[in-house]
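[1] Sequence unavailable; structure follows:
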């Protein structure tokens, strides 16, 4: 089943201020657990046993009351209506799971055997975990996300200022023996910052509308980083084994974090020479 990026598409259902998130918070505040399935189609009903049909509008109060029972709660895909409650779910037991608790094992297996979002609330851990296909995500508190995202955006702003300084220094560089190293450091800083920006954007999806102002600030930074990436690729792809700026960017995007953070490994992956003669011959700089 193809689930790439699909879990992120479901986060709007559980952002702070939504009825579903309020209901989940009520469950947590009452020190209870819960298992929710956001999909009431045939594929889910075939896994269900027992329980009772409700077909009522979902409200935070109803959700927290129904969570007092042991069974799963089945809602429609948009979490607007509660279809079933106190349901025993029987997903394929051969579906792989890395979870240990019964509720979370069931949640992961249901998600792997269907195309619906499954939510597990743990009374022991005080946590909310989402499952969709092969993806899993534990929700963070609004305060934790806001604090971390704010700090990371401020760090990115400072880092982008350093990147602009690096760009100017490279343009003035006349020592060919250090030119390749400076280009590598510039590329490394741009790519690391770009990846951090994407991670922050992913974090902010959990905040929904309450993170709008920070998202706008991050959007500006991301556009600047993308522009810097494009300019670096167009200016320096000739130093590497890349045949084009686009290929250069593709190589950068496929480099794992360990390779990216080690400048010597990065030089090898990009095949950029840091020695004067080889670099000068390959780059064509005079």
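    On my side now, so go ahead. Small disclaimer: the values here were computed from a predicted structure and weren't measured. Residues are numbered from 1 along each chain as shown.
[2] and after the helix or strand residue 150 falls within, which helix or strand comes next?
    Taking DSSP states H and E as the definition, one finds residue 150 inside helix 142-172. Using DSSP H and E, the next helix or strand after helix 142-172 towards the C-terminus is helix 176-204.
[3] Quick check: closest non-adjacent residue to residue 68.
    Spatially, and ignoring its direct neighbours in sequence, residue 68 is nearest to residue 32 (6.6 Å; Cβ to Cβ, 6 or more residues apart in numbering). Bear in mind the C-beta positions are built from the backbone N, C-alpha and C, glycine included.
[4] buried stuff in the helix holding residue 150?
    Neighbour-count burial for helix 142-172 flags 142, 145-146, 149, 152-153, 156, 159-160, 163, 166-167, 170 (criterion: 16 or more other Cβ atoms under 10 Å).
[5] Show me what it packs onto, helices and strands only.
    helix 176-204, helix 212-236 (3 or more Cβ pairs under 8 Å, 6 or more residues apart in numbering; DSSP states H and E).
[6] will you turn those helices into a markdown table that also has mean pLDDT and mean neighbour count?
    Below are these laid out as a markdown table (pLDDT from 0 to 100; neighbours: other Cβ atoms under 10 Å):
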| stretch | mean pLDDT | mean neighbour count |
| --- | --- | --- |
| helix 176-204 | 92 | 19 |
| helix 212-236 | 96 | 16 |
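[7] Adding distance to residue 28, write these out as a markdown table.
    Listed next are those as a markdown table, based on distance: least, Cβ to Cβ, whole Å:
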| stretch | distance to residue 28 |
| --- | --- |
| helix 176-204 | 20 |
| helix 212-236 | 25 |
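[8] among these, which is nearest residue 11?
    Nearest to residue 11, of all the helices and strands packed on helix 142-172, is helix 176-204, at 9.0 Å by Cβ to Cβ.
[9] Now do the closest one and helix 142-172, the angle between them.
    Computed by axes from the mean of the first three to the mean of the last three Cα atoms, to 10 degrees, the angle separating helix 176-204 from helix 142-172 equals 160 degrees.
[10] what's the angle between helix 176-204 and helix 212-236?
    150 degrees.
[11] which SS class is residue 136?
    strand (DSSP: H, G, I helix; E, B strand; the rest coil).
[12] My reading is that residue 85 is in a strand; is that accurate?
    Yes: assessed by three-state DSSP, residue 85 belongs to a strand.
[13] Please verify my assumption that residue 184 contacts residue 264.
    No: counting by Cβ atoms under 8 Å, residue 184 sits too far from residue 264 to count as a contact (9.2 Å).
[14] and residue 88, what are its bridge partners?
    residue 49 (DSSP bridges).
[15] number of nearby residues for it?
    13 (other Cβ atoms under 10 Å).
[16] tell me the contacts of the spatially closest residue to residue 137 that is not a sequence neighbour?
    Distances taken as Cβ to Cβ, 6+ apart put residue 130 closest to residue 137, at 4.7 Å, once the chain neighbours are dropped. Residue 130 is in contact with 7, 10, 11, 14, 117, 118, 119, 136, 137, 138, 139, counting by Cβ atoms under 8 Å, 6 or more residues apart in numbering.
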